[in-house]
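*Asks:* Make a model of this:
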Amino acid sequence: MDLEKAPEPARGEGCLVVAIRLPVRIVVLVLVVPVRMVWDALVVAGRFLGDRVFRPVGRAVLWVGRAVFVWPFVGLWRYVLVPFWRYVLVPLGAALRWLGAVLLVVPAVALYRWVLTPVGRAAVWFHARVLTPLGHGFAVCAAAVRDALLWLGRRVVVVPSVWLYRWVLTPVGHALLWCGGGLVSLGALLVTGIGGVLYWTARVLVVLPALAVWRWVLVPLGRVLGVVVREVGAALGHAWRIAGYVSLGVGRALAALFRWAVVEPARWVYRSVLTPVGHVVRDAVLRPVAEAARIVRRVTRQTLRSVGATVRQVRSDVRRALLGDPKEPGVQGVQEVEESAAASDGGDGRFLLTKR
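*Replies:* Sure thing, here's the model as predicted:
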């Protein structure tokens, strides 16, 4: 290990570094070994709980959630909502569509063709023959008024303003600019003198003492602290690796003890006692129960098929009694075509409308 050999001073390291390194590593190793062992124990416990407890519990909760929340809704959708949609809502929608076409579409088309179209054509003629000439005349009048106002504004406002700017404001501005330049030069001279005095005062009273403190006090102290921090970090790394080896050895010893004290007896009990009992329970109880469940499911499926065939037959008889047989001559209008084999094999069961 690293602690068994005397530390050799590396190239560029002083005696202070060598004197700090060994005590720091010993103290850090003593403090880190218990922490590393506790950490490894927590890691092993977490993995065991995740594999043996949390994952099976999660699977059980998922199965219960499916049984309680998913499967009932699937049955409701498959055996209640889908038949209601096929046999109630789709015919009702077809009837409402025909009724809407008769009551809304045809009157709306007639209103558009015989009322709105003539009114729109009259409005277009009124715009082209009346409003457009009036707009052109108003535009000509507005252009004339605008030209007159522009000429008056140029003669009354623009020309006097240009003369005032050129012969009055420009000379006054030049004079003020020359006076301001002189004042700025005088102020700059005063500021430069005062700034030089303040600079040398601050340099002598503040900068030079602070530079001396930084160079002869803070820099050596920072170097010593840097050496200490670096050695503490290196010692923590070495101690953590050594503690890992120690924790690995202790863990292997405890695992071997647990295996020979608990696991091997439990394995022998499972192989010699629980496995034969499980085989007997499987052959005597579970297989007959599964066979009975399959028979019940088969009978239920056949019963549902017969009920579906009966419902389709009754619906066909009612439709024939209300609308008549589509094959008889003389029957006209919109009649519903009989559902094809999609009703027996789970098709979409859409209602088709044709005209004879």
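*Asks:* which stretch of helix or strand covers the one residue sitting closest to the centre of the chain?
*Replies:* Geometric centre of the chain, nearest residue: residue 62, 24.1 Å, by CA atoms, centre = their mean. In this assignment (DSSP states H and E), residue 62 forms part of helix 55-65.
*Asks:* Report all helices and strands that that helix contacts.
*Replies:* Here helix 55-65 touches no other helix or strand, going by 3 or more CB pairs under 8 Å, 6 or more residues apart in numbering; DSSP states H and E. Yep, even glycine has a C-beta here, placed from its N, CA and C like the rest.
*Asks:* Can you name the element that comes right after that helix?
*Replies:* helix 71-76.
*Asks:* could you dump the helix holding residue 62 to PDB, C-alpha only?
*Replies:* Provided in PDB are the C-alpha atoms of helix 55-65 (Å, rounded to 0.1, in the frame of the first residue of the first chain):
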ATOM      1  CA  ARG A  55     -39.400  -4.600  -8.500                       C
ATOM      2  CA  PRO A  56     -41.800  -7.500  -7.600                       C
ATOM      3  CA  VAL A  57     -44.000  -5.000  -5.700                       C
ATOM      4  CA  GLY A  58     -44.100  -2.800  -8.700                       C
ATOM      5  CA  ARG A  59     -45.100  -5.600 -11.000                       C
ATOM      6  CA  ALA A  60     -47.900  -6.600  -8.600                       C
ATOM      7  CA  VAL A  61     -49.100  -3.000  -8.300                       C
ATOM      8  CA  LEU A  62     -49.100  -2.800 -12.200                       C
ATOM      9  CA  TRP A  63     -51.100  -6.000 -12.500                       C
ATOM     10  CA  VAL A  64     -53.700  -4.700  -9.900                       C
ATOM     11  CA  GLY A  65     -53.900  -1.400 -11.700                       C
END
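*Asks:* hang on, the earlier thing: please report how far the residue nearest to the centre of the chain lies from residue 290.
*Replies:* 23 Å (CB to CB, to the nearest Å).
*Asks:* same check, this time on residue 190
*Replies:* Residue 190 is 108 Å from residue 290, by CB to CB.
*Asks:* Check residue 150 too.
*Replies:* Distance from residue 150 to residue 290, by CB to CB: 103 Å.
*Asks:* still on that earlier bit, please list the residues outside the helix holding residue 62 that contact it.
*Replies:* Residues outside helix 55-65 that contact it (CB atoms under 8 Å, 6 or more residues apart in numbering): none.
*Asks:* Centre of the chain to it, how far?
*Replies:* Offset of helix 55-65 from its chain centre (CA atoms, centre = their mean, to the nearest Å): 26 Å.
*Asks:* per-residue confidence for residue 41?
*Replies:* Reading off the confidence values, residue 41 has pLDDT 83.
*Asks:* ugh, typo on my part, it should be residue 324
*Replies:* 65.
*Asks:* in which helix or strand would I find residue 302?
*Replies:* Assessed by DSSP H and E, residue 302 sits inside helix 287-323.
*Asks:* Now that helix: buried residues?
*Replies:* For helix 287-323, the neighbour count (16 or more other CB atoms under 10 Å) marks residue 319 as buried.
*Asks:* Which strands and helices lie in contact with that helix?
*Replies:* In this structure, helix 287-323 packs against strand 334-336, with contacts taken as 3+ CB pairs under 8 Å, 6+ apart.
*Asks:* Would you mind checking the average pLDDT for the strand it packs on?
*Replies:* Mean predicted lDDT for strand 334-336 stands at 41.
*Asks:* Kindly report the same for stretch 209-220.
*Replies:* The predicted model assigns stretch 209-220 a mean pLDDT of 87.
*Asks:* For the remainder of this discussion, apply numbering that starts at 31.
*Replies:* Happy to do that; since the first residue is 31 now, the last one works out to stretch 239-250.
*Asks:* mind checking the end-to-end distance for that stretch?
*Replies:* One end of stretch 239-250 sits 17 Å from the other (CA to CA, to the nearest Å).
*Asks:* can you name the farthest residue from the center of this protein?
*Replies:* residue 197 (71.1 Å).
*Asks:* That one should be in a strand, yeah?
*Replies:* No - secondary structure assignment places residue 197 outside any strand; it is helix (DSSP: H, G, I helix; E, B strand; the rest coil).
*Asks:* Give me the distance between it and residue 191.
*Replies:* From residue 197 to residue 191 the distance is 12 Å (CB to CB).
*Asks:* do residue 213 as well
*Replies:* Per CB to CB, residue 213 is found 30 Å from residue 191.
*Asks:* Go ahead and confirm residue 261 touches residue 56.
*Replies:* No - using CB atoms under 8 Å, residue 261 is not in contact with residue 56, being 12.0 Å away.
*Asks:* Let me see the contact set for residue 252.
*Replies:* Taking CB under 8 Å, 6+ apart, one finds nothing in contact with residue 252.
*Asks:* any idea how far residue 304 is from it?
*Replies:* To residue 304, residue 252 is 70 Å away according to CB to CB.
*Asks:* try residue 269
*Replies:* Taking CB to CB, one finds residue 269 at 47 Å from residue 304.
*Asks:* try residue 72
*Replies:* From residue 72 to residue 304 the distance is 32 Å (CB to CB).
*Asks:* for the stretch 231-380 of the chain, what spans make up the helices?
*Replies:* Applying DSSP state H, counting those that start in this stretch to the stretch 231-380 of the chain gives helices spanning 238-243, 249-288, 294-299, 305-311, 317-353.
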